[in-house]
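make a model of this:
(one chain, ligands or ions: 1)
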Amino acid sequence: MKISPDIFENTEVAYADRSNGELKKAKALFQLMSNNGLVSLGSSLANFALSLHLPVSPLFRYTVYNHFCGGETFDECKKTIQNLDKSGVGVLLNYGVELKEREEDFNKTVEHNIEALQFAGKNKSVKALCIKLTGFGRHGLFEKIQGGGQLDADEKREFVAVKKRFEKICNVAEKNDVPLYVDAEESWIQNPLDEMVEEMMEKYNRGKCIVFNTFQLYRHDRLAYLQSQIKRADAGQYILGAKLVRGAYMEKERERAKEMGYKSPIHRSKKEVDEDFNEAVNICLDNLDNLYVCVASQSELSNQLAMEFTHKKKIDPGNPRIQFSQLYGMGDNVTFNQAKLGFNATKYLPYGPVKEVIPYLIRRAQENTSVAGQTTRELSLINKEIKRRGC
Ligand SMILES: Cc1cc2nc3c(=O)[nH]c(=O)nc-3n(C[C@H](O)[C@H](O)[C@H](O)COP(=O)(O)OP(=O)(O)OC[C@H]3O[C@@H](n4cnc5c(N)ncnc54)[C@H](O)[C@@H]3O)c2cc1C
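Coordinates of the predicted model:
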């Protein structure tokens with residue numbers, strides 16, 4: 001069966017959960033974000049205001065936060081989750097607090113994630129919890145380990161504490177039967193993160209898939225890494241959990257490689273990234289007997305191809321081993337139309353105190369100015385729906 005790209009044009013399905021008022025607000029927000037100058041000025045001002053502890057939260061709350069986040073508390077999130085569930089869309093929950101550097105903050109993040117796992121365990125619409133390992137340990141520590149630096153006694157203890165925090169989370173995830181999706185981060189800290197995730201997959205992914213690693217296909221070495229991980233899981237008789245993404249740190253990666261004079265780990269062109277991403281989906285769908293996959297992308301073409309592959313390979317669209325996901329607040333035309341066709345469609349839903357989630361929101365705003373075409377596409381779909389409703 002051919003999945004026509006037209007299926008993502010159905011805006012009535014895409015925005016079924018949005019009121020007229022919400023649609024108009026979304027339109028205003030995307031119009032604002034399409035202005036490069038405004039976003040970079042806004043981002044600098046927000047960072048400046050935060051550093052001075054000025055109250056910028058209300059401004060964020062009623063603009064970007066409500067559009068891209070589930071709420072500050074689980075109770076607030078429940079409303080968003082129930083709303084999505086009405087259209088058959090699940091949720092990947094994420095405690096959106098980032099960029100912490102102190103041991104006490106890492107311990108707090110563990111506690112928050114444990115609460116989230118307990119909440120998710122009782123809520124069938126929450127399909128997984130997404131975590132960042134830099135929420136449990138210092139970026140600088142991971143960078144030193146990857147660079148081959150000798151850890152002193154304190155740093156060794158620090159690393160043991162990071163592993164303990166991660167293991168504690170895996171344990172609670174298993175007890176509550178909630179999968180854990182571990183985000184991929186910058187390439188210069190990714191090796192120790194991968195090693196920790198591999199170790200936990202080997203331990204916890206027996207009979208079911210609790211721990212997932214993330215593969216960033218904008219890196220030219222990740223297709224080979226994915227294949228080696230499939231072999232390793234086969235040999236070790238555990239299940240591989242694979243979240244496939246293109247990658248969020250392209251500019252940063254290229255700048256660092258240039259500055260430090262090494263070959264950039266990122267493909268030279270978008271075309272190469274797209275080819276690797278689609279090939280990775282194909283490979284995963286060919287290995288479903290020992291693998292669970294989450295296709296995490298807003299790209300209409302990649303989603304269309306992935307859906308077509310499932311039909312070609314005679315895989316039931318609702319097969320629990322395949323999940324699709326887009327960020328909450330973006331790509332609704334993909335998510336809601338996938339759900340309507342019976343695919344396991346989900347939204348990546350960050351939650352947490354407005355002030356703490358601001359770095360995530362700034363990234364979303366910047367992405368919507370730098371990702372060519374994405375804002376224009378969101379705007380044209382919203383306009384189409386406003387016109388259809390005549391509101
Ligand atoms: C559910 C979910 C989970 C995610 N988790 C992670 C994560 O753990 N780690 C992470 O890094 N990102 C993560 N992301 C973000 C993701 O990596 C992308 O930044 C984002 O989704 C945009 O890519 P796309 O596939 O949706 O769409 P597209 O618009 O098709 O692709 C845009 C992406 O293509 C790549 N690209 C664009 N231009 C070029 C170029 N000239 N050369 C090379 N590459 C180029 C970049 O990666 C860019 O982000 C996640 C996204 C989702 C939806």
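
give me the pLDDT for S302.
S302 is assigned a predicted lDDT (pLDDT) of 97.

gap between it and the ligand?
6 Å (Cβ to the nearest ligand atom, to the nearest Å). Every residue, glycine included, has its C-beta placed from N, CA and C.

for that residue, phi and psi?
In this entry, S302 is assigned phi and psi values of phi -60, psi -40 (degrees, to the nearest 10).

residue contacts, it?
The neighbourhood of S302, defined by Cβ atoms under 8 Å, 6 or more residues apart in numbering, consists of 274, 277-278, 281, 295.

kindly recompute the last result at 7 Å.
If you count contacts by Cβ atoms under 7 Å, 6 or more residues apart in numbering, S302 has them with 274, 277-278, 281.

which phi and psi does K24 have?
For K24, the backbone dihedrals (degrees, to the nearest 10) come out as phi -70, psi -40.

again, but for G390
Dihedral pair for G390: phi 60, psi 30, per degrees, to the nearest 10.

give me the number of residues near it?
G390 has 6 neighbouring residues, counting by other Cβ atoms under 10 Å.

ok, now how distant is it from the ligand?
Taking Cβ to the nearest ligand atom as the measure, G390 and the ligand are separated by 31 Å.

next one: K203
On the measure of Cβ to the nearest ligand atom, K203 and the ligand end up 21 Å apart.

quick one: neighbours of T73, just the number.
As a burial measure, T73 scores 11 neighbours (other Cβ under 10 Å).

just give me the longest helix of the protein.
With residue count as the measure and DSSP state H as the assignment, the chain has helix 153-176 as its longest helix.

what's the helix or strand following that one in contact with?
Next helix or strand after helix 153-176 toward the C-terminus (DSSP states H and E): strand 180-182. The contact list for strand 180-182, computed with Cβ under 7 Å, 6+ apart, reads 92, 128-131, 133, 169-170, 173, 197, 210-214, 243, 294.

just the ones in helices from those, please.
Applying DSSP H to those, the entries found in helices are 169-170, 173, 197.

L92 pairs with what?
Beta-bridge pairing of L92 under DSSP bridges involves A128, Y348.

would you reformat the contacts of S302 as JSON lines and include secondary structure, pLDDT and distance to P265?
Formatted as JSON lines, the entries for the contacts of S302 read as follows, by DSSP: H, G, I helix; E, B strand; the rest coil; pLDDT from 0 to 100; distance: Cβ to Cβ, whole Å:
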{"residue": "D274", "secondary structure": "helix", "pLDDT": "98", "distance to P265": "17"}
{"residue": "F277", "secondary structure": "helix", "pLDDT": "98", "distance to P265": "15"}
{"residue": "N278", "secondary structure": "helix", "pLDDT": "98", "distance to P265": "20"}
{"residue": "V281", "secondary structure": "helix", "pLDDT": "98", "distance to P265": "21"}
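
just the buried ones from those residues?
Buried residues within the contacts of S302, counting neighbours by 16 or more other Cβ atoms under 10 Å: 274, 277-278, 281.
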